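**Q** Here is my input, please return the structure:
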Amino acid sequence: MGKRNAFKIASIYIGTLIGAGFASGQETMRFFTRYGIRGIYGVIVTAILFAVIGIVILLKVYEDKIISYYDWIVPFFGPYVGKLIEIFLAFLLLSLYCVMLAGSGALFEQQFGYRKEIGIIFMSVISFITFLFSMRGLAVINSVLVPLLIIGIIAVGIIVIPDKIHNICDVDLFPYTIGDNWITSCLLYVSYNSICAVMVLSSMYPLLNNKRIAIAGGSLGGFLLGIMLLFLFLPTLILYRDIQAVEIPMMTIAFSIGKNMGNIYGALLWFAMLTTAVSNGFVFIQSMERKLKLKHLYACISFCIVTIPLAQFGFKRLVHTLYPMFGYIGIILIFLIIFRKGKTQ
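**A** Sure thing, here's the model as predicted:
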């Protein structure tokens, strides 16, 4: 049971962070590939930081019996400011879910030739079914889809790396300065993602039977995220000149292998959006139930109905508007994780 719960936690951790930006290769290009071969140092440091942050969050969740991200916020900021920040974080959860719905619509429209509304509604229906089973549904869908994502990303890398290694591009578009280098880039990347990690892992208390599970779940999640990041980094570095201007680099790389691989990777990208959507949506629904005293079924129905029209704003517009805010909030939350206790006893 312990090993199984550690794997479930690691899968949820990975599924939360491996959204459209990660699986598409766009985040890897932005934060690592542009520094050339030195970007691999950033990949290694990022994997270590993800493991450490995951372990620290889960240990505090276990020791302080934290059941939601609200238990982090109020002790740190106080009841009044804490409530305002809780509302803002809830807005971010809602936004991230809508971004993934919009991404599903864009993928269905651009890659598979269907109307974007079909993609939005399809993901909404699958998410609704997952939400109905609460933590069990979240654990099952991540435990099934995350291994497929890991295998798919590694498979593309294994095919591309040996075949194209002679084309490796030691990209060094930016000088090594204090303000812009692989060190600051990987730190910003981790802080950018930490906000989601805090909010989702704060709900993992039911799966934490002891400290060993917390340590195993955090370290396994960080290690596997690092492996996936490595197999995104190397192909994008090798083929950088061919993909630097495209919106979904890994999709272009997959199609360079063959049409079937491209279609398979398109499905994997959708799975990545789904795991991120259900993780963020699950935490938001938990907050709705607590604040509004709603029954679980009514909270799930209300959430899924309201978010469908919000996703119509479009994937690109939502990403460009909302994502820049996340890194700054993430930096605050890292300090919150490391230096403060969770729920007051």
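**Q** Work out for me the element Met199 sits within.
**A** Secondary structure assignment for Met199, by DSSP states H and E: helix 182-201.
**Q** Helix or strand next in line after that helix, which one?
**A** Following helix 182-201 in sequence, per DSSP H and E, is helix 211-238.
**Q** which strands and helices sit next to that following helix?
**A** Counting contacts by 3 or more C-beta pairs under 8 Å, 6 or more residues apart in numbering; DSSP states H and E, helix 211-238 packs against helix 2-17, helix 20-24, helix 26-31, helix 39-63, helix 134-164, helix 249-257. (C-beta placed from N, C-alpha, C; glycine too.)
**Q** Tell me the buried residues in whichever helix or strand comes after that helix?
**A** Going down the chain from helix 211-238, the next helix or strand is helix 240-243, by DSSP H and E. Neighbour-count burial for helix 240-243 flags Tyr240, Asp242, Ile243 (criterion: 16 or more other C-beta atoms under 10 Å).
**Q** List the residues that contact Val160.
**A** Taking C-beta atoms under 8 Å, 6 or more residues apart in numbering, we find Val160 in contact with Leu234, Pro235, Ile238, Leu239, Ile253, Ser256, Ile257.
**Q** pLDDT score for the residue nearest to the last one when sequence neighbours are not counted?
**A** If the residues on either side of it in the chain are set aside, Ile257 comes closest to Ile159, at 5.5 Å by C-beta to C-beta, 6 or more residues apart in numbering. Each residue has a pLDDT score; the one for Ile159 is 90.
**Q** ok so, going back, tell me the buried residues in the helix holding Met199?
**A** Those would be 182, 185-201, for helix 182-201 by 16+ other C-beta under 10 Å.
**Q** Would you agree Cys98 is in contact with Pro309?
**A** No: checked against C-beta atoms under 8 Å, the pair Cys98 and Pro309 is beyond contact range at 9.5 Å.
**Q** what about those two, which has more around it?
**A** Cys98 (25 against 10; other C-beta atoms under 10 Å).
**Q** The more buried one: which element?
**A** Assigned by DSSP H and E, Cys98 falls in helix 79-110.
**Q** Okay, buried residues for that helix please.
**A** Buried residues in helix 79-110 (16+ other C-beta under 10 Å): 82, 85-86, 89-90, 92-110.
**Q** what number of residues lie near Val306?
**A** Count around Val306 with other C-beta under 10 Å applied: 11.
**Q** tell me the secondary structure for Val246?
**A** Following DSSP: H, G, I helix; E, B strand; the rest coil, the label given to Val246 is coil.
**Q** OK, contacts around the residue lying closest to it once chain neighbours are set aside?
**A** Distances taken as C-beta to C-beta, 6+ apart put Thr252 closest to Val246, at 4.9 Å, once the chain neighbours are dropped. By C-beta under 8 Å, 6+ apart, the residues touching Thr252 are Asp242, Ile243, Val246.
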